[in-house]
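Enquirer: Sequence first, then the predicted structure:
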Amino acid sequence: MSYQVSRQGRQLGVFSLEDIRDKLASGELLADDLAKTEDMAKERSLGELTSDAPRSPQLEKHSAAAEKYSVRFRRRSQPANNLVGAIIVTLFFPPFGIPAIVYAFQVNDKYRAGDYSGARRAAQKAKTWIRISVGAVLLGVFAYAVLLLIDGIMIK
């Protein structure tokens, strides 16, 4: 059976019931859109129409797959917390390693709370403090080497 589907008086096309369900699931059609056949006395909303109609086994299978797919992507992957790197740099240069540890601990807490963007930001900040600490250590080693070189030149 084919249904003429319209939205706010504008015809959207003629679709089968399974096509209507697919287009509702994809968002092309809305539950408030109206449908009518030659047999129907008045138009009915697609939400009302699809809730009454029996579902085919094939459509049930696709609906279950779509639900599984959407559940899989609702929860985002957890960013690396960079805790090991933060601890290592804290051993060599504590002033910049401590903020790295603080941000690294925040990653897991924010992720568990559902704040995915906050977890990503905390992971990025931990990584930034690790880089700052490594840079400071390398700068200190370089400065010490330059001082030793200057001192060696001055003694001769």
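Expert: Yep, it's here. Residues are numbered from 1 along each chain as shown.

Enquirer: Could you tell me how far whichever helix or strand D151 is part of lies from the centre of the chain?
Expert: Secondary-structure element containing D151, defined by DSSP states H and E: helix 116-155. Taking Cα atoms, centre = their mean, to the nearest Å, the mean C-alpha location of helix 116-155 is offset from the chain mean by 32 Å.

Enquirer: G152: how many residues sit nearby?
Expert: Neighbours of G152 under the rule other Cβ atoms under 10 Å: 9. C-beta here means a position set from N, CA and C on the backbone, and glycine is covered the same way.

Enquirer: And for V89?
Expert: Residues lying near V89 (other Cβ under 10 Å) number 24.

Enquirer: Now do the same contact list for the closest residue to it other than its chain neighbours.
Expert: Beyond its immediate neighbours in the sequence, the residue positioned closest to V89 (Cβ to Cβ, 6 or more residues apart in numbering) is S133, lying 3.9 Å away. The contact partners of S133, by Cβ atoms under 8 Å, 6 or more residues apart in numbering, come to 89-90, 92-93, 96-97, 100.

Enquirer: which of those count as buried?
Expert: Listed as buried from these are 89-90, 93, 96-97, 100; burial here means 16 or more other Cβ atoms under 10 Å.

Enquirer: Can you tell me which of those residues lies closest to E43?
Expert: The shortest gap between E43 and any of these belongs to A100, at 62.4 Å (Cβ to Cβ).

Enquirer: In a helix, the closest one, correct?
Expert: Yes. According to DSSP: H, G, I helix; E, B strand; the rest coil, the state of A100 is that of a helix.

Enquirer: quick one: it and F93, what's the gap?
Expert: Summarising the geometry, the distance separating A100 from F93, computed by Cβ to Cβ, to the nearest Å, is 10 Å.
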